[in-house]
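Engineer: Structure of the sequence below:
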Amino acid sequence: MVSVSERINGLRDRGQCALVPFITAGDPDLDTTAQALTILDQSGADVIELGVPYSDPLADGPVIQAAATRALQRGVTLKAVLEVVKGLKSDLQAPIILFSYYNPILNQGIQAFLQRVADAGVKGLVVPDLPLEEAHTLITPALAQGIELTLLVAPTSPIERIKAIANQSQGFIYLVSVTGVTGVRTSVGSRVPDMLLELNRITDKPVGVGFGISQPSHARQVREWGADAVVVGSAFVKRLIEGDPQQGLKSIESFCRSLKAAITVD
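Structural biologist: Numbers count the residues shown, from 1 in each chain. Have a look, this model is predicted:
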């Protein structure tokens, strides 16, 4: 499995935009999660973001919060999530980014956490509540394990902070399209085009845009604005629990293919 940066940069070099779907591990159950990862991998996902259920998901909107709550109520743990990833790592082409809050990492100890995550085959991390000022405590040991820590840039971030985030972020720079939490929205944040231009002036690292992208037309617009990756979360999570698990899996398969088609340049 290639690294996150290798995958996204490779696509950018060919004039293509990466698709990064997000699902919550354990919702509706871990067996469905394993099937979903395989289906996404085969349906156009270039990188897959896998959320670890957490009791206080500050950056997540109602759809992902509810998914995390359901998974926790079923007893889903980090250990179980990593077992799913480890069982699939030799079959998946898309590198896996683990989305986790910082408390579970600190609770286990950074080195112990990273060792377990690396052994499972995870290639990237997103930790939304890790402040920039503390990011070095995770970035350096993570890179030693072959894991890239991707940092988030908010629409309200001042220019000096954006420069510092761009300098430290690994894999890609995650541009949050709106102020607030994740969720399905009717349009993409209006500041995205200007912020993409600003980031491209500051750094040559790839930039991915997420939060609120819920339709193929949104994805296409973001790609046309110059994004190197499109991250879609709540729309996948919502579809995966529609009907029974097989119906949910069929729904995310067709949705993934439609998003990939929308951002693919002929």
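Engineer: only C-alpha atoms for contact and neighbour calcs from this point on.
Structural biologist: Will do.
Engineer: Flag the shaky bits of the stretch 1-150 of the chain, pLDDT-wise.
Structural biologist: Scanning the stretch 1-150 of the chain for pLDDT under 70 picks out 57, 59-60.
Engineer: For the stretch 101-250 of the chain, which segments are assigned as helices?
Structural biologist: 102-108, 110-120, 136-144, 159-168, 192-202, 216-225, 234-240, 245-263 (DSSP state H, counting those that start in this stretch).
Engineer: Quick check: buried residues in the fifth one?
Structural biologist: It stands for helix 192-202. Judged by neighbour count (16 or more other C-alpha atoms under 10 Å), helix 192-202 contains these buried residues: 192, 193, 195, 196, 199, 200.
Engineer: just checking, what packs against it?
Structural biologist: helix 159-168, helix 216-225 (3 or more C-alpha pairs under 8 Å, 6 or more residues apart in numbering; DSSP states H and E).
Engineer: mind running it again at 10 Å?
Structural biologist: Contact partners of helix 192-202 among helices and strands, from 3 or more C-alpha pairs under 10 Å, 6 or more residues apart in numbering; DSSP states H and E: helix 159-168, strand 173-176, strand 207-210, helix 216-225.
Engineer: Let me know the average pLDDT across the first one.
Structural biologist: Looking back up the chat, that one is helix 159-168. The average pLDDT within helix 159-168 is 95.
Engineer: Can you tell me the centre-most residue of the protein?
Structural biologist: residue 49 (3.6 Å; C-alpha atoms, centre = their mean).
Engineer: so what secondary structure elements neighbour the helix or strand hosting that residue?
Structural biologist: Element membership for residue 49, per DSSP states H and E: strand 48-51. Strand 48-51 makes packing contacts with strand 18-24, helix 30-42, helix 62-73, helix 78-88, strand 96-99, strand 124-126, strand 229-232 when contacts are defined by 3+ C-alpha pairs under 10 Å, 6+ apart.
Engineer: Relative to residue 158, which of those is closest?
Structural biologist: strand 124-126 (20.9 Å; C-alpha to C-alpha).
Engineer: in its sheet, what does the closest one sit against?
Structural biologist: Sheet pairing of strand 124-126 (DSSP bridges) gives strand 96-99 (parallel), strand 148-150 (parallel).
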